[in-house]
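S.K.: Sequence plus the predicted model coming up.
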Amino acid sequence: MDYGTISTNETDLFAGVELTTYDRLLRAWENSMEMVRDFEMYSKRIEDEEVKSVFKKFAEDEGIHAAKLREMLIKHKGAASH
């Protein structure tokens, strides 16, 4: 069965829906957290020490990004409720 092509273009996916700054921050934070989990899992399942080390560092770096995004989310949620 052919379902046609599925667009991953944000303009197509959210046609007619306006995304707020909070929406974009939330989406970015969720994606960042998923990357932290993925990199951490990879670092624990790989035998090669060099690759393991790179994935561990990526998890740590992405954790910093996730923390900053969370901080901004909280700030924007507070601003939106006033």
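M.R.: All right, it came through fine.
S.K.: Give me the buried stretch members for the lengthiest helix in the chain, please.
M.R.: The helix that spans the most residues within the chain, counting by DSSP state H, is helix 49-80. By neighbour count on 16 or more other CB atoms under 10 Å, the buried set for helix 49-80 is 55-56, 58-59, 62-63, 65-66, 69, 73, 76. Just so you know, the C-beta spots here come from the backbone N, C-alpha and C atoms, and that holds for glycine as well.
S.K.: from the middle of its chain, how far away would it be?
M.R.: 9 Å (CA atoms, centre = their mean, to the nearest Å).
S.K.: going forward, begin numbering at 53 instead of 1
M.R.: Noted, 53 is the first residue going forward, which turns the last one into helix 101-132.
S.K.: Now it: average pLDDT?
M.R.: Across helix 101-132, pLDDT averages out at 95.
S.K.: which helices and strands does it pack with?
M.R.: Counting contacts by 3 or more CB pairs under 8 Å, 6 or more residues apart in numbering; DSSP states H and E, helix 101-132 packs against helix 73-97.
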